[in-house]
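> The amino acid sequence is not available; the structure is as follows:
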């Protein structure tokens, strides 16, 4: 759909929805890892990492992505802010 | 002569494998190549009716493999095209009657006499699919611009690569340009973006495909059929010609373009 048409309809087209849904389902198909199991993996990962370093549990983001050739499991794990330590290092 | 073996497959059923096989075969034969199509869908034979040869079957693929007849005896010649043959599937057996080795042996024999050997694969990812891709030099994956068919095509692309038969080439079949324009159908770019595979053709949804199949004729022999033009171009691309992709917009023909021209002139 052209940009002009998307503006006219003011909503996402069903083709765009189809494409986004497909991309997501294919990332999981290709990795052989369902969204449920990815969630379980995330919980375990948080437990393991928390034993070594303080992390912000609720801000952890984990996802499967794909560029042309490679599939990737990407984890973004923010640490709990520690201002005192930062002060000391200066 | 050493013929090329192309398997047409899809994963999902009903996306147009048999129609594509019959028409790419007819188009290649019309270009002057010698062609034999093999229906590998044992137990669900269909290529014979699409090609209009159902009344001439005496022997089938399983008869050849089990030694009840010679290869030539199971080959049925097309009604119109000189060097165009069908080896029909057995209707009363199942996929286990044939092994991947059987298919390799049979097609090796055909390579000596034909330019092209096309194999119509059954749907699914089991034995029948494995039989069909075992001898392939080229795997053509056919899909429709719908989420279910594209998902299955992706799975097939992975399996074809795992069997060292990749990279496959893609045909997007039953495309409706009007729906794409409205944003209600995945376009060619969308499907390619998701599947990341080489495109070999885009076939518009076209009633003439059904009309031709009703009569047991190839739609590529109808020069007015848009789908026929698309299949002819696919055959030329497979045989190594560099054919530009038909613009879907232009496929509504001269009058469609003319009326748009008049309309846009009126608005301006």
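Thanks, I have the structure now. For clarity, every value in this text was computed on a predicted model and none was experimentally measured.

> Residue A:74 - how many residues pack around it?
9 (other C-beta atoms under 10 Å in any protein chain shown). (C-beta placed from N, C-alpha, C; glycine too.)

> Now it. Its backbone dihedrals?
phi -110, psi 130 (degrees, to the nearest 10).

> Next one: it from residue B:170, what distance?
Per C-beta to C-beta, to the nearest Å, residue A:74 is found 28 Å from residue B:170.

> Once you drop chain neighbours, what's closest to the residue positioned nearest the centre of chain A?
By C-alpha atoms, centre = their mean, the mean C-alpha position of chain A lies nearest to residue A:63, the distance being 3.4 Å. The shortest distance from residue A:63 to any non-neighbouring residue, by C-beta to C-beta, 6 or more residues apart in numbering or on different chains, is to residue A:74 (5.4 Å).

> low-scoring stretches of chain A, by residue?
A:1-10, A:68, A:82-90 (pLDDT under 70).

> Helices along that one, start to end?
In chain A, helices defined by DSSP state H lie at A:3-9, A:14-31, A:35-50, A:83-89, listed in chain order.

> Out of these, which is closest to chain B?
helix A:14-31 (4.9 Å; C-beta to the nearest C-beta).

> Which neighbouring elements make contact with the closest one?
strand A:61-66, strand A:71-76, helix B:147-162, helix B:188-195 (3 or more C-beta pairs under 8 Å, 6 or more residues apart in numbering or on different chains; DSSP states H and E).

> 10 Å instead?
Judged by 3 or more C-beta pairs under 10 Å, 6 or more residues apart in numbering or on different chains; DSSP states H and E, the packing partners of helix A:14-31 are helix A:35-50, strand A:61-66, strand A:71-76, helix B:147-162, helix B:177-182, helix B:188-195.

> In CSV: the ones you listed, plus distance to residue B:97.
Listed next are those as CSV, based on distance: least, C-beta to C-beta, whole Å:
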stretch, distance to residue B:97
helix A:35-50, 39
strand A:61-66, 39
strand A:71-76, 38
helix B:147-162, 22
helix B:177-182, 41
helix B:188-195, 33
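
> Hmm, residue A:67 and the residue nearest to residue A:63 touching each other?
No. Using C-beta atoms under 10 Å, residue A:74 makes no contact with residue A:67, being 11.0 Å away.

> count of neighbours near the closest residue to residue B:75 other than its chain neighbours?
Among residues not flanking residue B:75 along the chain, residue B:85 sits closest, at 4.4 Å (C-beta to C-beta, 6+ apart). Neighbour count for residue B:85, taken as other C-beta under 10 Å: 24.

> for residue 23, what are its contacts?
In the absence of a named chain, chain A is used. Residues near residue A:23 by C-beta atoms under 10 Å, 6 or more residues apart in numbering or on different chains: A:65-66, B:190, B:193-194.

> let's do chain B instead
Contacts of residue B:23 (C-beta under 10 Å, 6+ apart): B:16, B:50-51, B:203, B:209, B:212-213, B:218-221, B:225, B:227-228, B:230-232, B:234-235.

> at 6 Å what do you get?
Residues in contact with residue B:23 (C-beta atoms under 6 Å, 6 or more residues apart in numbering or on different chains) are B:218-220, B:231.

> what would those residues look like in CSV with distance to chain A?
Converted to CSV, those look like this (distance: C-beta to the nearest C-beta, whole Å):
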residue, distance to chain A
B:218, 31
B:219, 27
B:220, 29
B:231, 25
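
> got a winner among those for most neighbours?
In the contacts of residue B:23, the most neighbours by other C-beta under 10 Å go to residue B:218, 30 neighbours.

> Would you check that it makes contact with residue B:26?
Yes. Using C-beta atoms under 6 Å, residue B:218 is in contact with residue B:26, at 3.5 Å.

> Over to residue B:117. Which of the three states is it?
Here residue B:117 is strand, with the state taken from DSSP: H, G, I helix; E, B strand; the rest coil.

> what about it, how many neighbours?
Counted with other C-beta under 10 Å, the neighbours of residue B:117 add up to 28.

> likewise the one 5 residues further on?
By the other C-beta under 10 Å criterion, the neighbourhood of residue B:122 contains 25 residues.

> just residue B:182 next, same as before
Residues contacting residue B:182 under the criterion other C-beta under 10 Å number 15.

> Quick one: residues contacting residue A:75.
residue A:62.
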